[in-house]
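Peer 1: based on what follows, work out the 3D shape:
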Amino acid sequence: MFISFLIVIELIVFNLGIYSLVRKRCDSVSMAFSYSAILTLATLSLSIQLFFFLGIHGVYFLFDIVIIVFSVFQIIHNRDVIKRDAQIVFRFLKKEKLLVFILLPVLIYLSLQAFLLPPGNLDSMVYNLARVLMFKQEGSLFLENYSYFGQPSFPVGYDLLSFLFLRFNSDFGLAIFSFISYVILIVGTFSIVGCFYNKKLAVSIAIIIASLTEIVLQATTTKNDIPAAAVVVVIFLAGYNFIISRRPVHLYLVIVGLLWGVTIKGYFAGFALPFILFYAAFLIYKQENFSFTGLLSHISVNKIKLNYKYYIIPVGLILCIFFFYGHNIKKYGNIFGEKGPVVRNQNQDGVIGGILNLGRYIIQSAEIPIKYGYKINEIHDGFLKEHKSKGMKNKKLKIDLSGKSFLSEDHSWYGPLAFFLIIPVIAFSVFFAKGYVRVVSLTLSFYFILLSYKVAWMPWNNRYFSLFFAGSGICIAYVFNRFLNKNKRVIKGIKGFIVLIAIYTLLSATLQNSRSPTIPRFSSANLFYNLYKYGSGVLDGNRPVKKCFAWLGKVSNRQSQYEIFYPRNMLTTFISSVERDKRVLVMGYFIPVFPLLLTRPDLEITVSRLGRVSLNNKTYSLSRKSDYMSVRANYDYIVILTKDVKKFKDIYRHIRDEEHVFYSKAGSIFRFKKDTDR
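Peer 2: Next comes the predicted model:
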């Protein structure tokens, strides 16, 4: 825990160092913070990727020394600027009581959860965090063995940030990067709305964006969707400020944001392409004096101190993109990895499937209560009939478009304001807004359409829309401001009511996250109802089964959080029964390998698909006796995690004579007997 705390301090110091460097080129504190935070994350991500590509990740502490020395020098050199800006922030907060009494306590509370809680997302157990330890184990980003196709082929730009903590085998602080992304969303939204309109409106819009349910839930997770949304907000901010000022720092942030975004999520390309298209068109056709040759001339003539050191980040990111995606194409014949799984995750029904998916997502965003949602499902199936499964990944899956009675990052959407406010204002902005607001609304709309068309519908696709809803702040502000002049009293009343809804959803998502609940949930996701039920229980002397602040128990008993991903007592048996420094083969598909790798760093663990493993560039199949004997000679233990009885039987006929350390239908541990034992 202490080493993780020091790393967080290092992050703060590094961010301050970059902040002091960019502050003189920015018009406001919020803009400078948004820029510096993104540059901090992008620089760290790039550095880790390069250290792995060069095979020297074991000496990454050298880069720690470099950034600390750089940051301390910048902070000391610009201490007057930092002190002045701190006073500006303090004076601003004294005026904005809503931020001090609502948003600031929420941020402090979420930051504690982000640092203290062990990760609990299944995807992170399988690949987001797991593959970072696998990279560390193999010493390369190009894995020879893997259990799930996403481990070697999904973009690594954000996931690799967890290496800062995992190199010390610490699981404290792993969600801190998501929390930083959440703060960027809020501050960046405030900054761009403030550029267009006024600070009072900017505060209201920032609270609205901060309150979106799924965004709040992602603030303490280790998934890589919220950083993509943060990048989008900064790109919108930098893009607008470049238009009005022509300062290269803003264009620089647009370029870095686009490049780093591509290394975070594959679907980020669905944002980048329409943004580049609409932004370039806006620059060319709406700015009379603009030309790209003129821009280059402006940069060179005015000597904007864009010296060679500033090219390191964009050029480095381009090289990382080239090497990583190039490797995917070379090895798998597809930029996103193995063709089979990639194709299965894509919409196979063309335009019809895309249109149906778009409608499904809009309905899902309404989060219709379950007691009414079943009727929507019936209407969906009855109206579409034989076409009801078009656009879906699993054609046999019975669709469920209703909301959930619990708050979970895997199933929740973005709250009532997403459906009743954000979707309508983006659509309105597409047709009625002018200038840069239309660029933003068109970009977000095309992203929504492209995502619906390209990706097959799955129940957990909710998180893919984080950047759509989070990037909408300027569109909301545009609509408010447009109608404010026509009827100030009514619009101010509506805005106040919307902010109250935002505060409610913000508190509800913060306190009732099913992974880290502060108050127990009874039969509803309604915050007031659950508070009432809890209070009634206390007064009656009958406390609810779940106590308040139940998540604190996970902080002290971290292993219990990981146990839920395995058959009962399997993880405990694995930790206690396998001797030190042994070679272990872990097999399965989409299996939670992170806890195994984290809890026993002394072991040499190979993670591979069920029944197949690569050794020295040769692939072995454990269903064949000769291959089994060859693999057996290279390992001391084998761990099998699967519910696929047929595939397990193909292997079990060879393994059944080995020592059974742990055995269950879903997971087993075997120790290979030495020749003297057989």
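
Peer 1: quick one, what contacts the closest residue to residue 122 other than its chain neighbours?
Peer 2: Counting by C-beta to C-beta, 6 or more residues apart in numbering, residue 122 lies nearest to residue 592, which is 6.6 Å off, once chain neighbours are set aside. Bear in mind the C-beta positions are built from the backbone N, C-alpha and C, glycine included. Listed by C-beta atoms under 8 Å, 6 or more residues apart in numbering, the contact set of residue 592 reads 122, 125, 126, 130, 562, 565, 566, 641.

Peer 1: which one (most neighbours) among the residues you listed?
Peer 2: residue 130 (26 neighbours; other C-beta atoms under 10 Å).

Peer 1: show the pLDDT at residue 651.
Peer 2: For residue 651, the pLDDT comes out at 79.

Peer 1: that should have said residue 533, apologies.
Peer 2: 63.

Peer 1: just the strands in the chain please.
Peer 2: 583-588, 604-608, 612-615, 618-621, 637-641, 659-663, 667-671 (DSSP state E).

Peer 1: and the longest one, which residues are buried?
Peer 2: By neighbour count with 16 or more other C-beta atoms under 10 Å, strand 583-588 contains the buried residues 584, 585, 586, 587, 588.

Peer 1: and stretch 343-350, by the same measure?
Peer 2: 345, 347, 349.

Peer 1: one more: stretch 103-116?
Peer 2: Of the residues in stretch 103-116, 103, 106, 107, 110, 111, 113, 114, 115, 116 count as buried by neighbour count, 16+ other C-beta under 10 Å.

Peer 1: what's next to that stretch, contact-wise?
Peer 2: Counting by C-beta under 8 Å, 6+ apart, residues outside stretch 103-116 touching it are 4-5, 8, 93, 172-173, 175-176, 178-179, 182-183, 186, 206-207, 210, 216, 219-220, 506-507, 510, 516, 551, 555.

Peer 1: what count of nearby residues applies to residue 79?
Peer 2: 11.

Peer 1: how far away is it from residue 15?
Peer 2: Relative to residue 15, residue 79 is positioned 15 Å away (C-beta to C-beta, to the nearest Å).

Peer 1: same question for residue 101.
Peer 2: Taking C-beta to C-beta, one finds residue 101 at 26 Å from residue 15.

Peer 1: any stretches of the protein with poor pLDDT?
Peer 2: Applying pLDDT under 70 to the chain picks out residues 286-308, 521-525, 528-529, 531-547, 645, 674-678.

Peer 1: which residue is nearest the middle of it?
Peer 2: residue 224 (2.0 Å; C-alpha atoms, centre = their mean).

Peer 1: my guess is it contacts residue 266, does it?
Peer 2: No: shown here, residue 224 and residue 266 do not form a contact pair, counting by C-beta atoms under 8 Å, at 10.3 Å.

Peer 1: hey, what's in contact with both of those two?
Peer 2: By C-beta under 8 Å, 6+ apart, the residues touching both residue 224 and residue 266 are residue 155.

Peer 1: before we move on, the earlier item: contacts only, for the residue nearest to the residue nearest to the centre of the chain when sequence neighbours are not counted.
Peer 2: Spatial nearest neighbour of residue 224, excluding adjacent residues (C-beta to C-beta, 6+ apart): residue 158 at 4.1 Å. When contacts are counted by C-beta under 8 Å, 6+ apart, residue 158 touches 41, 45, 177, 224, 227, 228, 263, 264, 265.

Peer 1: what does residue 158 show for phi and psi?
Peer 2: phi -90, psi -40 (degrees, to the nearest 10).

Peer 1: distance of it from residue 181?
Peer 2: Separation of residue 158 from residue 181 (C-beta to C-beta): 9 Å.

Peer 1: anything in contact with each of the two?
Peer 2: Joint contacts of residue 158 and residue 181 (C-beta under 8 Å, 6+ apart) are 41, 227.

Peer 1: neighbour count: residue 101 and residue 15, which is higher?
Peer 2: Remark: of residue 101 and residue 15, residue 15 carries more neighbours, 19 against 9, as counted by other C-beta under 10 Å.

Peer 1: go ahead and confirm that one touches residue 34.
Peer 2: No: using C-beta under 8 Å, residue 15 makes no contact with residue 34, being 11.1 Å away.

Peer 1: what's the overlap in contacts for those two?
Peer 2: Common neighbours of residue 15 and residue 34 (C-beta under 8 Å, 6+ apart) do not exist.

Peer 1: buried residues in stretch 489-503, which are they?
Peer 2: Judged by neighbour count (16+ other C-beta under 10 Å), stretch 489-503 contains these buried residues: 491, 495, 498, 499, 501, 502, 503.

Peer 1: what about the helices in the stretch 151-300 of the chain?
Peer 2: Per DSSP state H, counting those that start in this stretch, the stretch 151-300 of the chain carries helices over the ranges 163-166, 176-196, 199-211, 213-218, 226-245, 248-264, 269-286, 292-301.

Peer 1: okay, the ones you listed, which one's buried deepest?
Peer 2: Compared across those, helix 213-218 shows the largest average neighbour count, a mean of 28 (mean count of other C-beta atoms under 10 Å).

Peer 1: one step back: dump the contacts of residue 592 into TSV; add distance to residue 614 as well.
Peer 2: Putting the contacts of residue 592 into TSV (distance: C-beta to C-beta, whole Å) gives the following:
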residue	distance to residue 614
122	25
125	23
126	19
130	18
562	27
565	25
566	25
641	19
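
Peer 1: return the member of these nearest to residue 388.
Peer 2: residue 122 (27.6 Å; C-beta to C-beta).

Peer 1: which ones are touching that closest one?
Peer 2: 410, 565, 592.

Peer 1: thanks again, I'm all set now.
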